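# My questions are about this predicted structure, shown below with the sequence.
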Amino acid sequence: MKLMVPVKRVIDYNVKVRVKSDHSDVDLANVKMALNPFCEIAVEEALRLKESGAAEEVVVISVGRSVCQEQLRTALAMGADRAILVEADLEPDPLGVAKALMAVHQKEEFDLAFFGKQGIDGDHSQTGQMFAALAGLPQGTFAYKVELIDGRVQVVREIDGGLQTVALSLPAVVTVDLRLNEPRYASLPNIMKAKKKPMEIIPAADLQLNLEPRVKTLRVEPPVERSAGVRVGDVDELLDKLRSEAKVI
(Lines give C-alpha, C1' and ligand atoms only; values in the text may rest on other atoms or scores of the structure.)
Protein backbone atom coordinates (compact mmCIF):
# COMPACT_ATOMS: atom_id res chain seq x y z
CA MET A 1 0.00 0.00 0.00
CA LYS A 2 1.26 3.44 -0.98
CA LEU A 3 0.28 6.41 1.20
CA MET A 4 0.13 10.05 0.10
CA VAL A 5 0.41 12.91 2.59
CA PRO A 6 0.13 16.48 1.24
CA VAL A 7 1.85 18.99 3.53
CA LYS A 8 1.73 22.78 3.71
CA ARG A 9 4.20 25.52 4.64
CA VAL A 10 2.68 27.96 7.15
CA ILE A 11 3.79 30.56 9.69
CA ASP A 12 4.93 28.86 12.90
CA TYR A 13 2.03 28.82 15.36
CA ASN A 14 4.23 30.44 18.05
CA VAL A 15 4.79 33.54 15.91
CA LYS A 16 2.62 36.62 16.36
CA VAL A 17 1.37 37.45 12.87
CA ARG A 18 1.92 41.02 11.59
CA VAL A 19 -0.03 42.76 8.84
CA LYS A 20 1.80 44.68 6.11
CA SER A 21 1.60 48.46 6.28
CA ASP A 22 -0.44 48.57 3.06
CA HIS A 23 -2.84 45.88 4.40
CA SER A 24 -2.32 43.78 1.29
CA ASP A 25 -1.32 40.62 3.20
CA VAL A 26 0.44 39.34 6.30
CA ASP A 27 4.14 40.18 6.62
CA LEU A 28 6.35 37.12 6.00
CA ALA A 29 9.70 38.94 6.13
CA ASN A 30 12.06 37.23 8.59
CA VAL A 31 9.17 35.14 9.93
CA LYS A 32 9.75 31.56 11.06
CA MET A 33 7.89 29.11 8.85
CA ALA A 34 6.92 25.57 9.81
CA LEU A 35 5.06 22.45 8.78
CA ASN A 36 1.31 22.90 9.27
CA PRO A 37 0.44 21.16 12.61
CA PHE A 38 -2.50 19.24 11.10
CA CYS A 39 -0.19 18.02 8.32
CA GLU A 40 2.20 16.75 11.00
CA ILE A 41 -0.64 14.68 12.44
CA ALA A 42 -1.37 13.30 8.96
CA VAL A 43 2.29 12.35 8.46
CA GLU A 44 2.39 10.67 11.88
CA GLU A 45 -0.71 8.59 11.13
CA ALA A 46 0.74 7.45 7.81
CA LEU A 47 4.02 6.51 9.49
CA ARG A 48 2.18 4.49 12.13
CA LEU A 49 0.37 2.53 9.42
CA LYS A 50 3.69 1.81 7.74
CA GLU A 51 5.30 0.73 11.02
CA SER A 52 2.39 -1.63 11.66
CA GLY A 53 3.13 -3.36 8.35
CA ALA A 54 -0.06 -2.18 6.64
CA ALA A 55 1.77 0.11 4.18
CA GLU A 56 5.04 -0.04 2.27
CA GLU A 57 5.70 3.60 1.38
CA VAL A 58 4.85 7.09 2.63
CA VAL A 59 5.16 9.90 0.07
CA VAL A 60 4.84 13.55 1.16
CA ILE A 61 3.81 16.19 -1.38
CA SER A 62 3.72 19.96 -1.33
CA VAL A 63 2.49 22.50 -3.89
CA GLY A 64 4.09 25.93 -3.93
CA ARG A 65 7.38 27.78 -4.16
CA SER A 66 10.81 26.14 -3.86
CA VAL A 67 11.07 27.14 -0.17
CA CYS A 68 8.51 24.40 0.57
CA GLN A 69 11.42 21.95 0.32
CA GLU A 70 12.24 22.86 3.92
CA GLN A 71 8.91 21.50 5.19
CA LEU A 72 9.18 18.45 2.97
CA ARG A 73 12.57 17.71 4.54
CA THR A 74 10.95 18.00 7.96
CA ALA A 75 8.41 15.35 6.97
CA LEU A 76 11.21 13.17 5.59
CA ALA A 77 13.05 13.53 8.89
CA MET A 78 9.93 12.30 10.69
CA GLY A 79 10.17 9.11 8.63
CA ALA A 80 8.54 9.60 5.22
CA ASP A 81 10.25 7.71 2.39
CA ARG A 82 10.32 10.31 -0.38
CA ALA A 83 8.97 13.73 -1.29
CA ILE A 84 7.46 15.46 -4.31
CA LEU A 85 7.30 19.22 -4.80
CA VAL A 86 4.99 20.65 -7.44
CA GLU A 87 6.84 23.92 -7.88
CA ALA A 88 4.82 27.03 -8.70
CA ASP A 89 5.76 30.72 -8.72
CA LEU A 90 2.53 31.63 -6.92
CA GLU A 91 0.56 30.44 -3.93
CA PRO A 92 -2.34 28.41 -5.36
CA ASP A 93 -5.72 28.30 -3.65
CA PRO A 94 -7.21 25.01 -2.34
CA LEU A 95 -8.70 24.10 -5.72
CA GLY A 96 -5.38 24.68 -7.47
CA VAL A 97 -3.60 22.49 -4.90
CA ALA A 98 -6.24 19.77 -5.31
CA LYS A 99 -5.79 19.82 -9.10
CA ALA A 100 -2.00 19.52 -8.75
CA LEU A 101 -2.36 16.64 -6.29
CA MET A 102 -4.80 14.96 -8.65
CA ALA A 103 -2.22 15.11 -11.45
CA VAL A 104 0.39 13.50 -9.18
CA HIS A 105 -2.11 10.86 -8.02
CA GLN A 106 -2.85 9.87 -11.62
CA LYS A 107 0.87 9.18 -12.05
CA GLU A 108 1.58 7.52 -8.71
CA GLU A 109 -1.76 5.75 -8.01
CA PHE A 110 -1.86 6.10 -4.22
CA ASP A 111 -4.00 3.73 -2.14
CA LEU A 112 -4.73 6.10 0.74
CA ALA A 113 -4.29 9.86 1.18
CA PHE A 114 -3.99 11.55 4.57
CA PHE A 115 -4.66 15.30 4.67
CA GLY A 116 -4.53 17.68 7.60
CA LYS A 117 -8.12 18.84 8.05
CA GLN A 118 -7.07 22.48 7.51
CA GLY A 119 -4.14 24.87 7.29
CA ILE A 120 -3.70 27.18 10.27
CA ASP A 121 -3.20 30.15 7.95
CA GLY A 122 -6.29 30.25 5.74
CA ASP A 123 -8.39 27.76 7.77
CA HIS A 124 -10.16 26.77 4.56
CA SER A 125 -10.61 23.05 5.31
CA GLN A 126 -11.24 22.44 1.60
CA THR A 127 -8.27 20.79 -0.12
CA GLY A 128 -8.85 17.20 1.00
CA GLN A 129 -12.52 17.31 0.08
CA MET A 130 -11.81 18.93 -3.31
CA PHE A 131 -9.16 16.31 -4.10
CA ALA A 132 -11.56 13.49 -3.20
CA ALA A 133 -14.23 15.00 -5.48
CA LEU A 134 -11.81 15.42 -8.40
CA ALA A 135 -10.48 11.88 -8.00
CA GLY A 136 -13.93 10.34 -7.40
CA LEU A 137 -12.74 8.76 -4.14
CA PRO A 138 -14.64 8.11 -0.88
CA GLN A 139 -13.66 10.43 1.95
CA GLY A 140 -13.70 10.45 5.74
CA THR A 141 -13.22 13.92 7.23
CA PHE A 142 -12.14 15.13 10.68
CA ALA A 143 -10.81 11.69 11.63
CA TYR A 144 -10.64 10.97 15.37
CA LYS A 145 -9.49 7.37 14.87
CA VAL A 146 -8.31 5.42 11.81
CA GLU A 147 -8.09 1.63 11.37
CA LEU A 148 -7.62 -0.74 8.45
CA ILE A 149 -10.17 -3.56 8.74
CA ASP A 150 -10.85 -6.25 6.10
CA GLY A 151 -9.32 -4.23 3.27
CA ARG A 152 -11.22 -1.07 4.16
CA VAL A 153 -10.26 2.02 6.12
CA GLN A 154 -12.57 2.61 9.07
CA VAL A 155 -12.74 6.23 10.19
CA VAL A 156 -14.24 7.44 13.46
CA ARG A 157 -15.07 11.12 12.98
CA GLU A 158 -16.26 13.81 15.35
CA ILE A 159 -19.67 15.34 14.61
CA ASP A 160 -21.92 17.71 16.56
CA GLY A 161 -23.88 14.83 18.09
CA GLY A 162 -20.88 12.71 19.09
CA LEU A 163 -18.86 10.21 17.03
CA GLN A 164 -19.68 8.73 13.63
CA THR A 165 -17.98 5.66 12.14
CA VAL A 166 -17.66 5.24 8.37
CA ALA A 167 -16.00 2.46 6.36
CA LEU A 168 -14.33 3.50 3.10
CA SER A 169 -13.28 1.31 0.20
CA LEU A 170 -9.71 1.84 -0.97
CA PRO A 171 -8.38 4.00 -2.50
CA ALA A 172 -9.73 6.68 -0.18
CA VAL A 173 -9.10 10.11 1.33
CA VAL A 174 -8.94 10.87 5.06
CA THR A 175 -8.60 14.32 6.64
CA VAL A 176 -7.28 14.16 10.19
CA ASP A 177 -8.31 16.05 13.30
CA LEU A 178 -6.31 17.35 16.24
CA ARG A 179 -6.92 14.44 18.63
CA LEU A 180 -5.95 11.62 16.27
CA ASN A 181 -2.36 11.30 17.53
CA GLU A 182 0.68 13.09 18.93
CA PRO A 183 3.28 13.68 16.17
CA ARG A 184 6.83 12.53 16.86
CA TYR A 185 9.87 14.78 16.98
CA ALA A 186 12.50 14.26 14.31
CA SER A 187 15.77 13.06 15.85
CA LEU A 188 19.11 14.54 14.79
CA PRO A 189 20.23 11.34 12.97
CA ASN A 190 16.94 11.28 11.05
CA ILE A 191 17.32 14.96 10.16
CA MET A 192 20.72 14.14 8.66
CA LYS A 193 19.32 11.11 6.81
CA ALA A 194 16.48 13.22 5.40
CA LYS A 195 19.00 15.27 3.40
CA LYS A 196 19.78 12.16 1.33
CA LYS A 197 16.21 10.97 0.79
CA PRO A 198 14.82 11.44 -2.73
CA MET A 199 12.85 14.59 -3.54
CA GLU A 200 11.30 15.00 -6.98
CA ILE A 201 10.61 18.55 -8.18
CA ILE A 202 7.90 18.88 -10.84
CA PRO A 203 7.37 22.33 -12.40
CA ALA A 204 3.68 23.17 -12.31
CA ALA A 205 3.86 24.09 -15.99
CA ASP A 206 4.67 20.45 -16.82
CA LEU A 207 1.29 19.40 -15.43
CA GLN A 208 -0.49 21.76 -17.86
CA LEU A 209 -2.77 23.07 -15.15
CA ASN A 210 -4.05 26.57 -14.45
CA LEU A 211 -3.10 27.17 -10.81
CA GLU A 212 -4.03 30.86 -10.84
CA PRO A 213 -5.97 31.57 -7.62
CA ARG A 214 -9.71 32.14 -8.10
CA VAL A 215 -10.00 34.19 -4.90
CA LYS A 216 -8.29 37.56 -4.47
CA THR A 217 -7.49 39.06 -1.07
CA LEU A 218 -8.65 42.68 -1.07
CA ARG A 219 -7.48 43.76 2.37
CA VAL A 220 -6.09 42.26 5.58
CA GLU A 221 -6.89 43.76 8.97
CA PRO A 222 -5.49 42.72 12.37
CA PRO A 223 -8.03 41.75 15.04
CA VAL A 224 -9.34 44.49 17.31
CA GLU A 225 -7.22 44.92 20.43
CA ARG A 226 -8.96 43.70 23.56
CA SER A 227 -9.44 46.27 26.31
CA ALA A 228 -8.02 45.64 29.77
CA GLY A 229 -10.20 43.89 32.33
CA VAL A 230 -11.69 45.54 35.39
CA ARG A 231 -11.54 44.29 38.97
CA VAL A 232 -14.75 44.42 40.98
CA GLY A 233 -15.09 44.46 44.72
CA ASP A 234 -17.98 42.07 45.14
CA VAL A 235 -20.77 40.22 43.35
CA ASP A 236 -23.18 43.15 43.61
CA GLU A 237 -20.76 45.43 41.77
CA LEU A 238 -20.20 42.76 39.12
CA LEU A 239 -23.94 42.41 38.54
CA ASP A 240 -24.32 46.18 38.37
CA LYS A 241 -21.61 46.50 35.69
CA LEU A 242 -23.06 43.61 33.69
CA ARG A 243 -26.44 45.31 33.81
CA SER A 244 -25.49 48.97 33.27
CA GLU A 245 -22.29 48.84 31.21
CA ALA A 246 -22.09 45.49 29.42
CA LYS A 247 -25.89 45.33 29.14
CA VAL A 248 -25.88 41.53 29.06
CA ILE A 249 -28.38 41.04 31.89
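That came through, no problem.

# ranges for the strands of this protein?
Here the chain has its strands, by DSSP state E, at 2-6, 9-11, 33-35, 57-64, 82-87, 112-116, 139-149, 152-159, 162-169, 172-176, 199-203.

# gap between the nearest residue to Met130 once chain neighbours are set aside and Gly233?
Spatial nearest neighbour of Met130, excluding adjacent residues (C-beta to C-beta, 6 or more residues apart in numbering): Ala98 at 3.8 Å. Heads up, the C-betas are built off the backbone N, CA and C, glycines and all. Ala98 sits at a distance of 57 Å from Gly233 (criterion: C-beta to C-beta, to the nearest Å).

# more neighbours, those two?
Under the criterion of other C-beta atoms under 10 Å, the comparison of Ala98 against Gly233 puts Ala98 first, with 24 against 7.

# Please name the residues that touch the more buried one.
Contact analysis of Ala98 by C-beta atoms under 8 Å, 6 or more residues apart in numbering lists Gln126, Thr127, Met130, Phe131, Ala133, Leu134.

# Adding neighbour count and distance to Asp177, write the residues you listed out as JSON lines.
Listed next are these as JSON lines, based on neighbours: other C-beta atoms under 10 Å; distance: C-beta to C-beta, whole Å:
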{"residue": "Gln126", "neighbour count": "17", "distance to Asp177": "15"}
{"residue": "Thr127", "neighbour count": "26", "distance to Asp177": "15"}
{"residue": "Met130", "neighbour count": "20", "distance to Asp177": "18"}
{"residue": "Phe131", "neighbour count": "26", "distance to Asp177": "17"}
{"residue": "Ala133", "neighbour count": "13", "distance to Asp177": "20"}
{"residue": "Leu134", "neighbour count": "15", "distance to Asp177": "22"}
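
# thinking again about what came up before, tell me which of the strands of the chain lies nearest to Leu218.
strand 9-11 (20.5 Å; C-beta to C-beta).

# Contacts for that closest one next, please.
With contacts defined as C-beta under 8 Å, 6+ apart, strand 9-11 is touched by 17, 26, 28, 31-36, 62, 64, 67-68, 70-71, 119-121.

# What ranges does the chain have for its helices?
For the chain, helices defined by DSSP state H occupy the ranges 37-51, 69-78, 94-108, 127-135, 188-194, 235-244.

# Arg152 is nearest to which of those helices?
Closest to Arg152 of the helices of the chain is helix 37-51 (C-beta to C-beta; 13.5 Å).

# Just the angle for that closest one relative to strand 152-159, thanks.
Calculated by axes from the mean of the first three to the mean of the last three C-alpha atoms, to 10 degrees, helix 37-51 forms an angle of 150 degrees with strand 152-159.

# Next, the angle helix 69-78 makes with helix 37-51.
Using the same axes, to 10 degrees: helix 37-51 against helix 69-78 is 30 degrees.

# what comes up buried for helix 37-51?
Across helix 37-51, burial judged by 16 or more other C-beta atoms under 10 Å covers 37-50.

# ok, now stretch 217-231?
Of the residues in stretch 217-231, none is buried (16+ other C-beta under 10 Å).

# pLDDT averaged over that stretch - what is it?
Mean pLDDT, stretch 217-231: 85.

# I'd like the distance from that stretch to the chain centre, please.
Mean-position distance between stretch 217-231 and its chain equals 26 Å (C-alpha atoms, centre = their mean, to the nearest Å).

# do stretch 225-241 as well
Taking mean C-alpha positions (C-alpha atoms, centre = their mean), stretch 225-241 and its chain are 40 Å apart.
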